[in-house]
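Q: would you be able to build a 3D model of this:
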Amino acid sequence: MNRKKIVAGNWKMNTSFPEAIKLAKEIMAAQTNDEVIKIFFPPHIFLHEVTEQVKQKTLFFTGAQNCSEFEKGAYTGEISATMINSIGCKYVLVGHSERRLYFNENAHQLKSKIEQALKHNLHVVFCFGEQLSERKSNLHVETVNRQLTEVLENFNGEQLNNIILAYEPVWAIGTGETASPQQAQEMHANVRDCIEKLFGSSIASNISILYGGSCNPANAKELFACKDVDGGLIGGASLKADDFCKIINSF
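A: As a prediction, this is how the structure comes out:
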């Protein structure tokens, strides 16, 4: 088993430029677990400068919060995978619940984005998860398996080596709610089973699956102790250096 431990901070549409640089520097200056891969996902406009900062530190990387489904062209305001790669950025988020909800991103677009990212040597953090209504209707497993299958079945095992999965229980994002460790483990185990059906046991046992639902310093240790939870995609807590470092050190 070769699963990587990963803690990624999605800064979303937060921070000014000075705040972004200060946040990155404070986290990198702290004593953090040297077995954990740390990824910052700052706003696009700060991505180049934050990437320059992380180049100075081992096991720290940057990622873009989104990329275009297109190679290049007349798509005003879009950011291509080529552009992201060209500044030394290594990762990109695809399929975040907010992109699905507010920008109506569908499976076809997500597949195209992943294709672009992999073509241009980016590692993908692919997000998926159920709404509260789906959880309450006991459709959460069906929903997650559908989201995984309809996008990832288009790829092969070798490509999966460059994809990290991030389970987002949408009902637990920004609400103060968090899936219990048992709920997280149950879904992560289901995700691994789904990947095994698609790609076989070797890929399934080695792919990293992050928990992305209001993970914080108070619950990270218990969540990360779960057998199939390999780290976290952190939202609000990633904007506070001390909190983010405590989460990194929760392994």
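Q: quick one: the strands in the stretch 1-150 of the chain?
A: 5-10, 36-41, 60-64, 91-94, 123-128 (DSSP state E, counting those that start in this stretch).
Q: can you redo those as CSV with mean pLDDT and mean neighbour count?
A: For every residue, glycine as well, the C-beta is placed using N, CA and C. Compiled in CSV, these are given as follows (pLDDT from 0 to 100; neighbours: other CB atoms under 10 Å):
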stretch, mean pLDDT, mean neighbour count
strand 5-10, 98, 24
strand 36-41, 98, 24
strand 60-64, 98, 24
strand 91-94, 98, 26
strand 123-128, 98, 24
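Q: columns distance to residue 156 on top of these, output as TSV?
A: Below are the strands of the stretch 1-150 of the chain laid out as TSV (distance: least, CB to CB, whole Å):
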stretch	distance to residue 156
strand 5-10	22
strand 36-41	23
strand 60-64	23
strand 91-94	17
strand 123-128	14
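Q: check contacts around the closest residue to residue 46 other than its chain neighbours.
A: In space, residue 46 comes closest to residue 20 once its chain neighbours are excluded; the distance is 4.4 Å by CB to CB, 6 or more residues apart in numbering. By CB atoms under 8 Å, 6 or more residues apart in numbering, the contact set of residue 20 is 11, 42, 43, 46, 49, 50.
Q: which of these are buried? Put it as a PyMOL command.
A: Applying 16 or more other CB atoms under 10 Å to those, the buried members can be selected in PyMOL as follows:
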select buried, resi 11+42+43+46+50
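Q: give me the number of residues near the closest residue to residue 120 other than its chain neighbours?
A: Of all residues not flanking residue 120 in the chain, residue 81 sits nearest, at 4.0 Å (CB to CB, 6+ apart). A count of neighbours around residue 81, defined by other CB atoms under 10 Å, yields 27.
Q: per-residue confidence at residue 81?
A: For residue 81, the pLDDT comes out at 98.
Q: quick one: contacts for it?
A: 67, 68, 92, 113, 116, 117, 119, 120, 122.
Q: so which of the strands of the stretch 1-150 of the chain is nearest residue 235?
A: strand 5-10 (5.6 Å; CB to CB).
Q: ok, now how distant is the residue nearest to residue 120 from residue 189?
A: 32 Å (CB to CB, to the nearest Å).
Q: wait, residue 165 sits on residue 208?
A: Yes - counting by CB atoms under 8 Å, residue 165 touches residue 208, with 7.0 Å between them.
Q: higher neighbour count, those two?
A: More neighbours surround residue 165 than the other of residue 165 and residue 208, with 25 against 18 (other CB under 10 Å).
Q: in this protein, which residue sits furthest out from the middle?
A: residue 74 (28.1 Å; CA atoms, centre = their mean).
Q: residue 244 in helix, strand or coil?
A: helix (DSSP: H, G, I helix; E, B strand; the rest coil).
Q: please renumber so the chain begins at 449
A: Sounds good: first residue 449 from here, last item residue 692.
Q: list the contacts for it?
A: 455, 457, 475, 682, 685, 686.
Q: repeat for residue 667
A: Here residue 667 is in contact with 626, 629 (CB under 8 Å, 6+ apart).
Q: and the pLDDT for it?
A: Reported pLDDT for residue 667: 94.
Q: quick check on it: phi, psi?
A: Residue 667 adopts backbone torsions of phi -120, psi -10, taken as degrees, to the nearest 10.
Q: how about residue 535: what's its closest non-neighbour residue?
A: residue 496 (4.7 Å).
Q: what about that neighbour, neighbour count?
A: Other residues close to residue 496 by other CB under 10 Å number 16.
Q: got the contact list for the longest helix along the chain?
A: Ranked by residue count and defined by DSSP state H, the top helix of the chain is helix 629-647. Outside helix 629-647, the residues that touch it by CB under 8 Å, 6+ apart are 588-589, 592-593, 596-597, 600-601, 604-605, 608, 613, 615, 617, 627, 651-653, 655, 657, 659, 661, 667, 670-671, 673-677.
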